[in-house]
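K.L.:
here you go, sequence then predicted model.
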Amino acid sequence: QVQLVESGGGSVQVGGSLSVSCAASGRVFPHSAMAWFRQRPGKEREFVAAIYRNQGAEYYGDSVKGRFTISRDTAKNTMLLQMNNLKPEDTAVYFCALKRSFSQHTIKLAKVFNYWGQGIQVTVSP
């Protein structure tokens, strides 16, 4: 029903910037939420940021607040994560996710998201 494809990412040095984008195709859910999660080797998937498709409300994980910015383009059905002042601990595979219906109380839980992208690598070197 929905396909999510990430692009961007790559490698950068500490303090640099990168962006990752996610393009959604297929069915559109007007009250959906889209999010970024990341996963480092041997670690659980971690919430990074989310955005409510309808109103544009943004949510961030504590470790990225003030450095990352999430945005969406409802006409193009895309989502962007702008990452600034990157740190080595930001190195991870970043996953795009979509939840059919928005809920503020569960927005940071990976298990409630219905669709996932394949993931894209972001590497920050010292």
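P.N.:
Yes, it's here.
K.L.:
C-alpha from now on. contacts and neighbour counts both.
P.N.:
OK.
K.L.:
quick check, pLDDT for the most centrally placed residue in the chain.
P.N.:
Centroid-nearest residue in the chain, with C-alpha atoms, centre = their mean: residue 36, separated by 1.8 Å. Residue 36 carries a pLDDT value of 98.
K.L.:
can you tell me the element it falls in?
P.N.:
Taking DSSP states H and E as the definition, residue 36 sits inside strand 33-39.
K.L.:
packing partners for that strand?
P.N.:
strand 46-52, strand 92-99 (3 or more C-alpha pairs under 8 Å, 6 or more residues apart in numbering; DSSP states H and E).
K.L.:
need the ones you listed in a markdown table (columns: mean neighbour count and distance to residue 86).
P.N.:
Converted to a markdown table, the helices and strands packed on strand 33-39 look like this (neighbours: other C-alpha atoms under 10 Å; distance: least, C-alpha to C-alpha, whole Å):
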| stretch | mean neighbour count | distance to residue 86 |
| --- | --- | --- |
| strand 46-52 | 24 | 13 |
| strand 92-99 | 24 | 12 |
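K.L.:
tell me which of those lies nearest to residue 14.
P.N.:
Of all the helices and strands packed on strand 33-39, strand 92-99 sits nearest to residue 14, with 14.0 Å by C-alpha to C-alpha.
K.L.:
end to end, how far does stretch 18-37 reach?
P.N.:
16 Å (C-alpha to C-alpha, to the nearest Å).
K.L.:
that one: which residues count as buried?
P.N.:
Neighbour counts over stretch 18-37 (16 or more other C-alpha atoms under 10 Å) mark 18-24, 32-37 as buried.
K.L.:
excluding sequence neighbours, find me the nearest residue to the residue nearest to the centre of the chain.
P.N.:
residue 96 (4.8 Å; C-alpha to C-alpha, 6 or more residues apart in numbering).
K.L.:
these two touch, right, that neighbour and residue 37?
P.N.:
Yes. The criterion here is C-alpha atoms under 8 Å, and residue 96 meets it with residue 37 at 6.6 Å.
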